[in-house]
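> requesting a structural model of the entry that follows:
(one chain, ligands or ions: 2)
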Amino acid sequence: MKTVLTIAGSDSSGGAGIQADLKTMTELGTFGMSAITAITAQNTCGVNAVLALPCDMISAQIDAVCDDIFPDAVKIGMLANSQIVECVAASIKKNAMKNIVLDPVMVSTSGHRLLDDDASDALINVLMPLADIITPNIPEAECLAGMKIASKADMIKAAGIIAGSFDGAVLIKGGHLANTGANCIEDSTNVAADLLYHGGQTQWFEAEFVDNPNTHGTGCTLSSAIASELAKGADMPEAVRKAKAYLTGAIKAGLNLGKGRGPLNHAWQNTISDC
Ligand SMILES: Nc1ncnc2c1ncn2[C@@H]1O[C@H](COP(=O)(O)OP(=O)(O)OP(=O)(O)O)[C@@H](O)[C@H]1O
Ligand SMILES: Cc1ncc(COP(=O)(O)O)c(N)n1
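Numbering: from 1, shown residues only. Ligands and ions are numbered 1, 2, ... in the order given. As a prediction, this is how the structure comes out:
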């Protein structure tokens, strides 16, 4: 069985972070392992508290995994502060890890900062160069590219700028532009359109925009699904295509848990075959 390591924060409500990552990895037939960077007290309504773990404990988790069950791919999510960004980068180099998917988590859907303001430089200069793909949402891509993004043309421009600063691929997730009119295609159906910039080429991945407010953890799910598909041997465009199909199914299968933006239905493939 192929193995995937998530280096990310814990979400007590199970919708995002390592909990979403491990569910995704299991559903996609890989063996998920975790190195926890921070503990959050959160639910579908918001983040109440964050405790960043000490760097030596984070490095120790990564080393313990790599010394025994070397991961075929790695997903990196919430990193909390610049010290953690630096120590995760050092551990990746030391262990010569491969298939690195970096989700540059900055702010939760509920508006809570999950990465210190002053950590962006370390993220861009120290960690990004080690990644095979980074998966920013629109606000994160605006921060990384230093420009506003209000259209698909802006997404293409921003992806080119971000890709110019490292060797990997860039997937700009368009969830925040969907339903604003900016993503509308000719038949006026609204779509959730993500842009992959890979090897100098751009490619759109479009899926039905599901009218469902329960989208807590979509970014975590997509990035860990990409890591799982890379671990199983897919090339980058194929990994993105399969990951987006899994994600869209999990949004469509619609759970309705909690009082706020609820989590996804990770087990949707089993749910459908049970019907
Ligand atoms: N309502 C929806 N229907 C279908 N796909 C969606 C919907 N909302 C988001 N997506 C898709 O989910 C993925 C993550 O999107 P988004 O742009 O919201 O990233 P994010 O902000 O990092 O996610 P998160 O909400 O977990 O922080 C993308 O593939 C996007 O197209
Ligand atoms: C531990 C952790 N990692 C990532 C997110 C981002 O997910 P979302 O934007 O859906 O809140 C989160 N809320 N918590």
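
> so Leu102 makes contact with Leu127?
Yes. With contact defined as CB atoms under 8 Å, Leu102 counts as touching Leu127 (6.4 Å). The C-beta positions use only the backbone N, C-alpha and C, and glycine is treated the same way.

> joint contacts of these two?
Common contacts of Leu102 and Leu127 (CB atoms under 8 Å, 6 or more residues apart in numbering): Ile76.

> higher neighbour count, these two?
Taking other CB atoms under 10 Å, Leu102 and Leu127 do not tie; Leu102 has more neighbours (27 against 23).

> contacting residues for that one?
Applying CB under 8 Å, 6+ apart, we find Leu102 in contact with Ile76, Leu127, Met128, Leu130, Ala131, Ile133, Ile134, Thr135, Ser223.

> now do 7 Å
Going by CB atoms under 7 Å, 6 or more residues apart in numbering, Leu102 touches Ile76, Leu127, Met128, Ala131, Ile134.

> now the two most distant members of those.
Distance extremes for those: the farthest pair is Ile76 and Met128 at 10.3 Å, using CB to CB.

> got the residues of the chain near ligand 2?
Applying CB under 6 Å from any ligand atom, we find that the chain lies next to ligand 2 at 8-9, 11, 16-17, 40, 77-78, 105, 108-110, 114, 216-217, 219-220.

> can you list which of those residues are found in strands?
Ala8, Gly9, Asp11, Thr40 (DSSP state E).

> in TSV, list those along with distance to ligand 1, neighbour count and pLDDT.
Below are those laid out as TSV (distance: CB to the nearest ligand atom, whole Å; neighbours: other CB atoms under 10 Å; pLDDT from 0 to 100):
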residue	distance to ligand 1	neighbour count	pLDDT
Ala8	12	29	98
Gly9	12	30	98
Asp11	10	26	98
Thr40	13	23	97
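
> and the stretch 51-200 of the chain, which of its residues are near ligand 1?
Thr109, Asn137, Lys173, Gly174, Gly175, His176, Ala192, Asp194.

> for Leu196, see how far away the third one is.
Yep, that's Lys173 we're talking about. From Lys173 across to Leu196, the span is 10 Å (CB to CB, to the nearest Å).

> more crowded one of those two?
Higher neighbour count among Lys173 and Leu196: Lys173, with 26 against 23, using other CB under 10 Å.

> quick one: contacts for that one?
Shown in contact with Lys173 (CB under 7 Å, 6+ apart): Thr135, Asn137, Asp194, Gly219, Leu222.
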